[in-house]
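1. Take this sequence and fold it.
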Amino acid sequence: MSQQIRLDIFADPVCPWCLIGKAELDRALESRPDHPFAITWQPFRLDPQMPRAGMDYVAYMKMKFTDEKGIIAAMKPVMEASERLGLWINPSLIERMPNTLDAHRLLHWAGLEGAQTPVMAALMRAHWREGRNISNPDVLVEIGEGADMDGAVIRRLLASDADRDTVQAREMHARQRGVNSVPTFVVADAHVVTGAQPAALWLQVIDELAGKQHQ
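-> Model prediction:
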């Protein structure tokens with residue numbers, strides 16, 4: 001077996017380019033099942049100032065992109081890329097833009113159980129395809145249970161402040177190190193790749209790493 005290489009991914013499940021970046025990476029990993037990556041999802045909120053209760057989605061998008069025309073222009077490349085990748089996202093179902101701190105707490109706990117990637121995939125699917133509110137504890141419990149985590153434990157933890165400071169400190173550390181957009185990929189704690197990169201780039205990285213390991 002090839003030596004494991006750490007791949008840290010700074011991402012937020014409500015970030016459309018994180019969804020697309022993950023899909024491109026997934027394609028590359030499926031083509032190279034013996035890839036060396038040990039993936040860790042790192043917390044990074046698109047909008048850390050988001051109110052705890054979230055915001056009306058349309059109001060949020062207008063605040064960000066001025067008007068309907070601006071929203072359509074911003075979402076056009078997202079829709080095109082997601083269609084090309086077969087993601088079939090449905091932003092029209094989204095009613096609230098959530099505060100994702102609790103979603104990142106769930107990802108933190110999932111990391112302790114080796115379930116981060118399925119949890120991230122489920123968070124993205126819930127938000128982008130199903131229009132569900134991923135700050136709702138019921139939704140988060142269901143997602144955790146879907147990845148074989150203990151729902152009762154998740155519910156109890158979500159009702160407390162458990163690991164809130166930890167998640168926020170990790171995000172702050174990332175920002176201090178210069179991570180200022182998502183997705184950001186850090187290979188082997190040394191090489192930084194920003195943005196949703198095509199599968200071809202990841203195939204190249206994997207093949208180069210495999211070549212080095214076999215030298």
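2. Buried residues in stretch 51-70, which are they?
-> By neighbour count with 16 or more other C-beta atoms under 10 Å, stretch 51-70 contains the buried residues 54-55, 57, 60-61. For glycine as for every other residue, the C-beta is placed from the backbone atoms N, C-alpha and C.
3. Would you mind listing the buried residues in the worst-scoring helix or strand of the chain on mean pLDDT?
-> Taking mean pLDDT, DSSP states H and E as the measure, helix 199-213 is the helix or strand of the chain with the lowest mean score, a mean of 91. Within helix 199-213, the residues that count as buried by 16+ other C-beta under 10 Å are 199, 202-203, 205-206, 209.
4. what's the answer for stretch 29-47, then?
-> 29, 32, 35-37, 39, 41-47.
5. What's the end-to-end length of that stretch?
-> 29 Å (C-alpha to C-alpha, to the nearest Å).
6. gap between that stretch and the chain center?
-> Its chain's C-alpha centre and that of stretch 29-47 lie 9 Å apart, by C-alpha atoms, centre = their mean, to the nearest Å.
7. and which of the buried residues of stretch 51-70 is nearest Pro16?
-> Comparing the buried residues of stretch 51-70 against Pro16 with C-beta to C-beta places Met61 closest, at 11.3 Å.
8. Spell out which residues sit in contact with Arg146, please.
-> Actually, residue 146 is Gly rather than Arg. 118, 122 (C-beta atoms under 8 Å, 6 or more residues apart in numbering).
9. Pull up the gap between it and Ala200, please.
-> As for Gly146, its distance to Ala200 is 31 Å (criterion: C-beta to C-beta, to the nearest Å).
10. repeat for Met124
-> If you go by C-beta to C-beta, the gap between Met124 and Ala200 works out to 22 Å.
11. Go ahead and confirm Ala126 touches Asp138.
-> No - contact criterion C-beta atoms under 8 Å: Ala126 and Asp138 do not qualify, at 11.2 Å.
12. neighbour-wise, which of the two wins?
-> Remark: of Ala126 and Asp138, Ala126 carries more neighbours, 21 against 12, as counted by other C-beta atoms under 10 Å.
13. Not counting residues beside it along the chain, what's closest to that one?
-> In space, not counting the residues next to it along the chain, Ala126 is nearest to Arg132; the distance is 4.2 Å by C-beta to C-beta, 6 or more residues apart in numbering.
14. ok but that neighbour is inside a helix, no?
-> No - counting by DSSP: H, G, I helix; E, B strand; the rest coil, Arg132 is not part of a helix but coil.
15. So for it, what's the pLDDT?
-> Among the per-residue scores, Arg132 shows a pLDDT of 98.
16. do Ala115 as well
-> In this prediction, Ala115 carries a pLDDT score of 98.
17. try Leu46
-> Leu46 is given a pLDDT of 93.
18. Surely it touches Trp17?
-> No - contact criterion C-beta under 8 Å: Leu46 and Trp17 do not qualify, at 9.8 Å.
19. List the contacts of the spatially closest residue to Leu140 that is not a sequence neighbour.
-> Spatially, and ignoring its direct neighbours in sequence, Leu140 is nearest to Leu106 (5.1 Å; C-beta to C-beta, 6+ apart). Leu106 is in contact with 119, 123, 140, 143-144, 154, 158, counting by C-beta under 8 Å, 6+ apart.
20. before we move on, what about Ala159?
-> So Ala159 contacts Pro137 (C-beta under 8 Å, 6+ apart).
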